[in-house]
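Enquirer: What follows is a predicted protein model with its sequence.
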Amino acid sequence: QAQLVESGGELVQPGGSLRLSCAADGRTFSSNAMGWFRQAPGKEREFVSGIHSTGVRKVHADSVKGRFTISRDGAQNTVYLQMNSLKPEDTAVYYCATRRVFYPVAWSAGDMNNWGKGTLVIVSS
C-alpha cells in the first residue's frame, strides 16, 4: 500500500494563497499519475487537479482553473497544489491520491487507487 502524506493546509483569508504538498515513496511517485481531490462538509469528494507521471500533462476542474496549479518534483517525490485567489467555497479537506494512468481526463474518486489522510484548508475572514 502506497503511503501519501499531505501537508500545508491552514486557515487563510479570502484572496490569499496556499501551497499544499503530498509526499510519496519513490516507486509510487514515478509510476502513477497523481491528483488532488477535496471534500467540503456535507458534500461528496470532488476532483480538483491531476498530473501525469511525467509532469507533462495536467488537468484542472473548471472551478479552480486559472487559480490552482498542480506540479510535481521528482527529486523530492512530491506533488504540489499551488492555490491562489482562494475563496470561502474552497474550504475543504484536500486529499492527495494516485491513479495508474492519466487518461481519460474525466477523473473521479472511484478511479484512484491510493489516498492520503488529507489536510484541512479553511478560507475565512
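Expert: Yep, it's here. Numbering: from 1, shown residues only.

Enquirer: How much space separates the residue positioned nearest the centre of the chain from Val5?
Expert: If you average the C-alpha coordinates of the chain and look for the closest C-alpha using Cα atoms, centre = their mean, you land on Trp36, 2.1 Å from that point. When Cβ to Cβ, to the nearest Å is the yardstick, Trp36 and Val5 sit 14 Å from each other. Yep, even glycine has a C-beta here, placed from its N, CA and C like the rest.

Enquirer: what do those two both touch?
Expert: Taking Cβ atoms under 8 Å, 6 or more residues apart in numbering as the contact criterion, the common neighbours of Trp36 and Val5 are Cys22.

Enquirer: Could you tell me which residues within the lowest-mean-pLDDT helix or strand in the chain count as buried?
Expert: Using mean pLDDT, DSSP states H and E, helix 26-31 stands out as the lowest-scoring helix or strand of the chain, at a mean of 86. Within helix 26-31, the residues that qualify as buried by neighbour count (16 or more other Cβ atoms under 10 Å) are 28-29.

Enquirer: Can I get that helix in PDB, CA atoms only?
Expert: Output of helix 26-31 as PDB, limited to C-alpha atoms (Å, rounded to 0.1, in the frame of the first residue of the first chain):
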ATOM      1  CA  GLY A  26       9.700   6.800  -4.900                       C
ATOM      2  CA  ARG A  27       8.100   3.900  -6.600                       C
ATOM      3  CA  THR A  28       4.600   5.300  -6.200                       C
ATOM      4  CA  PHE A  29       5.600   8.700  -7.400                       C
ATOM      5  CA  SER A  30       7.400   7.600 -10.500                       C
ATOM      6  CA  SER A  31       4.800   5.100 -11.700                       C
END
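
Enquirer: and the closest residue to Gln13 other than its chain neighbours, how many neighbours does it have?
Expert: Residue nearest to Gln13 in three dimensions, not counting chain neighbours: Ser125, with 5.4 Å by Cβ to Cβ, 6 or more residues apart in numbering. Applying other Cβ atoms under 10 Å, we find 8 residues neighbouring Ser125.

Enquirer: How about the contacts made by the closest residue to Thr119 other than its chain neighbours?
Expert: If the residues on either side of it in the chain are set aside, Thr119 comes closest to Gly9, at 3.4 Å by Cβ to Cβ, 6+ apart. By Cβ under 8 Å, 6+ apart, the contact list for Gly9 reads 18, 20, 93-94, 119-122.
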